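Visitor: Sequence and predicted structure below; questions after.
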Amino acid sequence: MFAEFWAFKNVKMESVHYISSDILTIEKIDSIISQDLKLALSEEAKVLIEKCRTYLDKKMETNETPIYGINTGFGSLCNVKISDENLSKLQENLVRSHACGTGEEVPHEVVKIMLLLKIQSLSYGHSGVQLATVERLIDFYNNDVLPVVYQLGSLGASGDLAPLAHLSLPLIGDGEVYYDGFRQPAQKVLDKLGYDHIKLQSKEGLALLNGTQFMSAYGVYTLMKASKLSYLADVIGAISLEAFDGRIEPFTDLIHLVRPHKGQIQTAERFRELLEDSEIINQPKKHVQDPYSFRCIPQVHGASKDTIDYVKKVFRTEINSVTDNPNIFATEDLIISGGNFHGQPLALALDFLGIAVAELGSISERRTYQLISGLRDLPAFLVNDPGLNSGFMIPQYTAASIVSQNKQLATPASIDSIVSSNGQEDHVSMGANAATKTLRIVENLERILAIELLNASQAIEFRRPLKSSEFIESFLKLYREEVSFVDEDRYLHLDIEKSILFINSFQIDSEVLN
């Protein structure tokens, strides 16, 4: 049982991931990142990129009509024709002028995914970029040259313009990057690595800045964390159920087969497996029912699982798509200006994900509250000599405050739109705001679950000498190596932080999460 749920994968089966038209999944990205694979272009990708660039160069030699973003201005300046000798300057100006991000820096893990997703999107041969430009982005990725990108500035339409501009600045020697653990000017790092500037050709600046890679990278990173925390919510919930002397009957398969939501069935099955052969769950019960925060775990956790699965499907489509503008179709001899940069599908999905994740935190805090309430032969606030000791009174306050913040953060960003670019861009998705706040919700869930684990591991000790299942006891043994039983009042902030670190560093076989 223990090995089935829990695996540490340390063996690298490969060292390079080849960018191609093969479907890229959230799980594959997780594997690329966790195994520190290097990137390289497949021969297929090289051919597609060069074919599209060659077509565009030939088109510009004979074309005299305006083509948006290639020989025109941008946004509401789309009717301003640009002379041929200024086409390269136009693209460099675009990158520099759009780098207007502010606020906190984007986490390095997300920047790394942004690079990967931008490389993937440009590899399909519909963006008109040079092969050298894509290969330089791969150089940045492989050498951990991570551009400094800011969280605020994207409206989630017209592409993630400001953050992607910051991502692209180092290509032309501007901006700042992290390299060798230090934030430093991009030009300094280019010199150190022997890289020349990329001289952007027609369309390239727009190809780099148009796109949804900021929203997409946040979504991918958030989904990887949310999937893991959804699993741990079940494990920690099972420990709480044991600590509260809860009943197993609400997890019986017959109940869920007559209301067969996939996530609900999956959750109930997992609890039955997690608690198999537990002495605590199988002992006679004095009570007939448990509160909803225990009895309805399959329904609540299951609904969040179904939401995570839906959002994964949305992002799987997005990260295998071309999202810049205009799109170039060399075979059809067409250059078409459209709206694939619009983040509405992602904005709605991210808001939905934020709500689902917030609910996992909400029901977790309710279980914590029940555990400290002095019910079912548990001491008040889970400590000996309550009164002299306050015990676990205040960690519940902390969890409640975080849950409240998550409710505020879960207010949808996608219901808002503000007109920009002199009315040319008159509907935007605000998906970038949905992305950053949903990651905050997920990080808050990690804290809430850590507090539940702190309480549940304390409470279950009052059920001794009875034991839980082999898996739960093994999980608790590992946890106890980091956080000990609380005999009397102590500085609990450290215990909470250790619990968060335990959850954050806990490794789970990806097959268990699917």
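Guide: Received, thanks.
Visitor: ok, now how distant is Glu359 from Glu135?
Guide: 44 Å (C-beta to C-beta, to the nearest Å). (Each C-beta comes from the backbone N, C-alpha and C, glycine too.)
Visitor: With neighbour numbers in mind, choose between these two.
Guide: Neighbours were counted for Glu359 and for Glu135 using other C-beta atoms under 10 Å; Glu359 has more, 20 against 17.
Visitor: residues touching that one, list them.
Guide: Counting by C-beta atoms under 8 Å, 6 or more residues apart in numbering, Glu359 touches Val300, Ala303, Ser304.
Visitor: Run a quick neighbour tally on the spatially closest residue to Ala380 that is not a sequence neighbour.
Guide: Leaving aside its sequence neighbours, Ala380 sits nearest to Gly374 (C-beta to C-beta, 6 or more residues apart in numbering; 3.7 Å). Using other C-beta under 10 Å, Gly374 has 12 other residues around it.
Visitor: Quick check, pLDDT for Gly374.
Guide: In this model, Gly374 is scored at 95, pLDDT.
Visitor: Just to be sure, it is in a helix?
Guide: No - checked against DSSP: H, G, I helix; E, B strand; the rest coil, Gly374 lies outside a helix; its state is coil.
Visitor: mind listing what it touches?
Guide: Ala380, Phe381, Pro386.
Visitor: Highest neighbour count among those?
Guide: Compared across the contacts of Gly374, Phe381 has the highest neighbour count, 22 neighbours, by other C-beta under 10 Å.
Visitor: does it count as helix, strand or coil?
Guide: Assignment for Phe381 (three-state DSSP): helix.
Visitor: likewise the one 3 residues further on?
Guide: When states are read from three-state DSSP, the local structure at Asn384 comes out as coil.
Visitor: Tell me which residues of stretch 372-387 come out buried.
Guide: For stretch 372-387, the neighbour count (16 or more other C-beta atoms under 10 Å) marks Ile372, Arg376, Leu378, Pro379, Ala380, Phe381, Leu382, Val383, Pro386 as buried.
Visitor: can you pull the contacts of the residue nearest the centre of the chain?
Guide: With distances taken as C-alpha atoms, centre = their mean, the residue of the chain nearest its centroid is Thr222 (1.6 Å). When contacts are counted by C-beta under 8 Å, 6+ apart, Thr222 touches Leu350, Leu353, Ala435, Thr438, Leu439, Val442.
Visitor: Thr317 now?
Guide: Thr317 makes contacts with Pro345, as judged by C-beta under 8 Å, 6+ apart.
Visitor: name the element it belongs to?
Guide: Using DSSP states H and E, the element containing Thr317 is helix 297-319.
Visitor: For that helix, which residues meet the burial criterion?
Guide: 297-309, 311-312, 314-316, 318-319.
Visitor: in the stretch 351-500 of the chain, which segments are predicted with low confidence?
Guide: Within the stretch 351-500 of the chain, no range satisfies pLDDT under 70.
Visitor: Can you name the next helix or strand after the least confident helix or strand in the chain by mean pLDDT?
Guide: One helix or strand of the chain scores below all others by mean pLDDT, DSSP states H and E: helix 2-5, with a mean of 41. Counting by DSSP H and E, the next helix or strand C-terminal to helix 2-5 is strand 16-19.
Visitor: Quick check: buried residues in the helix or strand that comes right after that following strand?
Guide: Sequence-wise, the next helix or strand downstream of strand 16-19 (DSSP H and E) is helix 26-34. Within helix 26-34, the residues that count as buried by 16+ other C-beta under 10 Å are Ile26, Glu27, Lys28, Ile29, Asp30, Ser31, Ile32, Ile33.
Visitor: what's the answer for stretch 191-211, then?
Guide: For stretch 191-211, the buried set under the neighbour-count rule, 16+ other C-beta under 10 Å, comprises 195, 198, 200-211.
Visitor: just the residues you listed now: which is nearest Arg96?
Guide: Ranked by distance to Arg96 (C-beta to C-beta), the buried residues of stretch 191-211 are led by Gly205 at 9.1 Å.
Visitor: Make sure Arg136 is indeed in a helix.
Guide: Yes - applying three-state DSSP, one finds Arg136 inside a helix.
Visitor: Measure how buried it is and give me the count.
Guide: Using other C-beta under 10 Å, Arg136 is surrounded by 19 other residues.
Visitor: Below-threshold pLDDT in this structure: ranges please.
Guide: For the chain, residues meeting the criterion pLDDT under 70 lie at 1-14, 69, 73-84, 514.
Visitor: How is the chain divided into domains?
Guide: Following the assignment in automatic domain parsing, the chain carries domains at 2-211, 218-325+355-513.
Visitor: can you put those domains in TSV and add distance to Gln344?
Guide: Below are the domains of the chain laid out as TSV (distance: least, C-beta to C-beta, whole Å):
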stretch	distance to Gln344
domain 2-211	8
domain 218-325+355-513	5
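Visitor: Among the ones you listed, which comes closest to Ser337?
Guide: In terms of C-beta to C-beta, the element of these nearest to Ser337 is domain 2-211, at 4.5 Å.
Visitor: Pull the distance from that closest one to the chain's centre.
Guide: Offset of domain 2-211 from its chain centre (C-alpha atoms, centre = their mean, to the nearest Å): 19 Å.
Visitor: Then stretch 269-286?
Guide: Taking the mean of its C-alpha atoms, stretch 269-286 sits 33 Å from the chain's own mean (C-alpha atoms, centre = their mean).
Visitor: That concludes my questions; thank you for your assistance.
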